[in-house]
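Novice: how does the following fold in three dimensions:
(one chain, ligands or ions: 1)
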Amino acid sequence: MSSLLKLSQVEAHIGQFHILHDISFEVPKGEVTVLLGRNGAGKTTTLRTIMGLNPVYRGSITYNGEQITNLKPHLIANKGIGYVPEDQGVFEDLTVGENLRVAMKREDESTTERLEWILELFPDLKKFWKKPSGQLSGGQKQMLAIARAYVNENDLLLIDEPSKGLAPIVVEKVMETILQMKEKTTIVLVEQNFMMASKIGDQFYIIDDGQTVHNGLMGELREDKALMKKYLGVS
Ligand SMILES: Nc1ncnc2c1ncn2[C@@H]1O[C@H](COP(=O)(O)OP(=O)(O)OP(=O)(O)O)[C@@H](O)[C@H]1O
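Specialist: Numbering: from 1, shown residues only. The predicted model follows:
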């Protein structure tokens, strides 16, 4: 299967700190690639670096075979990459409807179809359409953040820890949604909830201290207790 996204020996700094030392991975089209690793390993920085929110110091990032290294974030987004940040990035003063409208790059038939599809998955967003987003629950905000990225015709979604801070029942809902989105879009998922990661993911990469240190199929990782304990602290 061909790769949609490829990172080769990517290095990045935040201020004076060298955070990413050697990040290399490939994302096959139509699959979910999960980035795993302990707190502070560099997963969020990797996603931000792909989106151009953090400069690449060395190495390269290609998307659909085209160099996107150090392009401006809006140009990267316009190539069809959607980003759901860890802090969700919704505008709290805007209503649910306004948040979705602002996110839309176009208001054409395909966008409307995608909006209807996602509103069926998340009926709460329809119900609270006119409510300021700041008044939504954590789970509803996460759903809004995912809907904002999904509403545009993106070929790739980068989703950062969608289960963070959510009750188990809400995690189930978010997981079901991502499973349905998987039928339509390629996904890179950062996820600390191993149950969720292993249900959704096809392949995984482990990031440790700013380096990709291990990769394989999700099914293999479930069987490898020693690896999980070493890099993820899961036994
Ligand atoms: N603005 C910043 N200034 C300095 N260091 C930072 C900054 N943001 C992140 N870091 C450091 O970069 C490293 C990687 O952080 P990052 O958020 O990418 O890790 P992560 O794997 O996503 O972890 P988590 O699961 O805790 O979010 C950490 O050591 C963190 O302290």
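
Novice: and the residue nearest in space to the middle of the chain, how far from residue 49?
Specialist: The residue lying closest to the centre of the chain (CA atoms, centre = their mean) is residue 159, at 1.4 Å. Residue 159 is 16 Å from residue 49, where distance means CB to CB, to the nearest Å. Backbone N, C-alpha and C define where each C-beta goes, glycine included.

Novice: same question, residue 144
Specialist: Going from residue 144 to residue 49 by CB to CB gives 25 Å.

Novice: go on, residue 85?
Specialist: On the measure of CB to CB, residue 85 and residue 49 end up 13 Å apart.

Novice: which one of the two has more residues nearby?
Specialist: residue 49 (26 against 18; other CB atoms under 10 Å).

Novice: so where does that one fall, helix or strand?
Specialist: helix 43-50 (DSSP states H and E).

Novice: for that helix, what does the pLDDT average out to?
Specialist: For helix 43-50, mean pLDDT rounds to 97.

Novice: output the contacting helices and strands for it.
Specialist: Helices and strands touching helix 43-50, as assessed by 3 or more CB pairs under 8 Å, 6 or more residues apart in numbering; DSSP states H and E, comprise strand 3-14, strand 17-28, strand 32-36, strand 56-63, strand 156-160, strand 186-190.

Novice: my guess is residue 206 contacts residue 231. True?
Specialist: Yes. Taking CB atoms under 8 Å as the definition, residue 206 is a contact partner of residue 231 at 4.7 Å.

Novice: so those two - more neighbours on which side?
Specialist: Here residue 206 and residue 231 are compared on neighbour count by other CB under 10 Å; more neighbours surround residue 206, at 23 against 18.

Novice: the helix or strand where the more buried one lies pairs with which strands?
Specialist: Using DSSP H and E, residue 206 maps to strand 203-208. Within its sheet, strand 203-208 is paired with strand 32-36 (parallel), strand 211-217 (antiparallel), according to DSSP bridges.

Novice: what residues does the chain put near the ligand?
Specialist: For the chain, the residues in contact with the ligand (CB under 6 Å from any ligand atom) are 14-15, 17, 19, 37, 39-45.

Novice: do that again at 8 Å, thanks
Specialist: With CB under 8 Å from any ligand atom as the criterion, the chain meets the ligand at residues 14-15, 17, 19, 37-46, 48, 86, 160-161, 190, 192, 207, 210.

Novice: may I see the buried residues of the helix or strand bottoming out on mean pLDDT in the chain?
Specialist: The helix or strand of the chain with the lowest confidence, counting by mean pLDDT, DSSP states H and E, is helix 225-227 at a mean of 83. Of the residues in helix 225-227, residue 227 count as buried by neighbour count, 16 or more other CB atoms under 10 Å.

Novice: next one: that helix to chain centre, how far?
Specialist: On the basis of CA atoms, centre = their mean, to the nearest Å, helix 225-227 sits 25 Å off its chain's mean C-alpha point.

Novice: one step back: now do the same contact list for the residue nearest to the centre of the chain.
Specialist: Counting by CB atoms under 8 Å, 6 or more residues apart in numbering, residue 159 touches 84, 146, 149, 178, 187-190.
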